[in-house]
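**Student:** only geometry, no sequence info:
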């Protein structure tokens, strides 16, 4: 069992920045692949970014590449999503997720592969 709690969402103007955090407890965090997803109103949940066990491998959706950075601190059981140059189309509820069955260097990009999800944090970008 893994419990995930996101924080750091809010309202920001276009071009601004936010840093999301996801604190994990339960299963060994350092052996989980982690990911960030988002869901806008009326749309399906979509992949944003993923990171492997040690952080050595990362992967991003094309829509956020160059603007968002995923990182993790295994000593703090926390994964982060630094979001820069935010756009109105980034507005969504952002979720972190944990995959406890991945291999150490894997990044996981599919929703169905993740075992645990946080409750989400709202990000609103005004134009």
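**Tutor:** On my side now, so go ahead. This one's a predicted model, so the numbers in the text were calculated from it and none came from an experiment.

**Student:** what's near enough to touch the residue nearest to the spatial centre of the chain?
**Tutor:** Residue closest to the average C-alpha location in the chain (Cα atoms, centre = their mean): residue 36, at 2.1 Å. Taking Cβ atoms under 8 Å, 6 or more residues apart in numbering as the criterion, residue 36 is in contact with 20, 22, 48, 49, 50, 70, 79, 81, 94, 95, 96, 97. All C-beta atoms are positioned from the backbone trio N, CA, C, and that covers glycine.

**Student:** Make CSV out of those residues and add neighbour count and pLDDT.
**Tutor:** Output for the contacts of residue 36, formatted as CSV (neighbours: other Cβ atoms under 10 Å; pLDDT from 0 to 100):
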residue, neighbour count, pLDDT
20, 23, 98
22, 25, 98
48, 25, 98
49, 26, 98
50, 27, 98
70, 23, 98
79, 29, 98
81, 27, 98
94, 23, 98
95, 23, 98
96, 30, 98
97, 25, 98
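
**Student:** Just checking: what are the partner strands of whatever helix or strand the residue nearest to the centre of the chain lives in?
**Tutor:** Secondary structure from DSSP states H and E places residue 36 in strand 33-39. Next to strand 33-39 in the sheet, as set by DSSP bridges, lie strand 46-51 (antiparallel), strand 92-99 (antiparallel).
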